[in-house]
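Colleague: need a structure here:
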Amino acid sequence: MTATFKDHVFTKPWMTEEEQTVAKCFIAEALKSLARQGVEQTPFLLLRLDDVLTNYILTRRLERRLIEETASSVAKTDDATPPQPASKKDTEAVSIEAVAKSRERLRKSLKELEESYDTPTGKPKQGLADYMKPIIEQAGGVLEDALQFEARKRKTVIG
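Modeller: Just a heads-up that it's a prediction; the model follows:
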């Protein structure tokens, strides 16, 4: 069996088994959804999906770590232990900030994916050349006709 680019994009050796399952489900559903919209499966689309997937997995990891830290902190407080040092609270604050930044990266990658295609039609957004092409095709021959008319006009005036 020949491996495709798609096979390589979503293969991450650093993912846990659970994360690999989430990744397979996410990619399968995302590709089905995009196919229903008529979006072509290009290498660029796959890379954008990979970006979304990676940011999602990393955000989940950070959130899980924050939950574990918070649970640990609450458990220690319930045991009537002395208040935790400032460094532990600083660590939690850093974790909260890391989660917020990770979620922002996830949001941006989703927005970039969404912006790369017109969602109602599923077609890639048009660049200026694509937009102008039908207009230029409709106007085809007009410039040539105008130049020929000017040439005839000069002949008439000169001749």
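
Colleague: what about the helices in this protein?
Modeller: 5-9, 17-36, 43-78, 86-115, 128-138, 142-158 (DSSP state H).

Colleague: which of those sits most buried?
Modeller: helix 43-78 (a mean of 15; mean count of other C-beta atoms under 10 Å). Using the backbone N, CA and C atoms, a C-beta is placed for each residue, glycine as well.

Colleague: chain neighbours aside, what residue packs nearest to the residue nearest the centre of the chain?
Modeller: In the chain, the C-alpha nearest the mean C-alpha coordinate belongs to L113, at 3.2 Å (C-alpha atoms, centre = their mean). What sits nearest to L113 in space, not counting adjacent residues and going by C-beta to C-beta, 6 or more residues apart in numbering, is R48, at 4.5 Å.

Colleague: who's in contact with the residue nearest to the centre of the chain?
Modeller: L113 makes contacts with L45, R48, L49, D51, V52, as judged by C-beta atoms under 8 Å, 6 or more residues apart in numbering.

Colleague: quick check: it vs M15, distance?
Modeller: With distances taken as C-beta to C-beta, to the nearest Å, L113 is found 20 Å from M15.

Colleague: check S33 too.
Modeller: From S33 to M15 the distance is 22 Å (C-beta to C-beta).

Colleague: V39 too?
Modeller: On the measure of C-beta to C-beta, V39 and M15 end up 25 Å apart.

Colleague: likewise for D51?
Modeller: 15 Å.

Colleague: shaky segments in this structure?
Modeller: Applying pLDDT under 70 to the chain flags the ranges 1-3, 73-90, 118-133, 135-140, 143, 157-159.

Colleague: domain ranges for it?
Modeller: The record's domain split for the chain, according to automatic domain parsing, is 5-125, 127-159.
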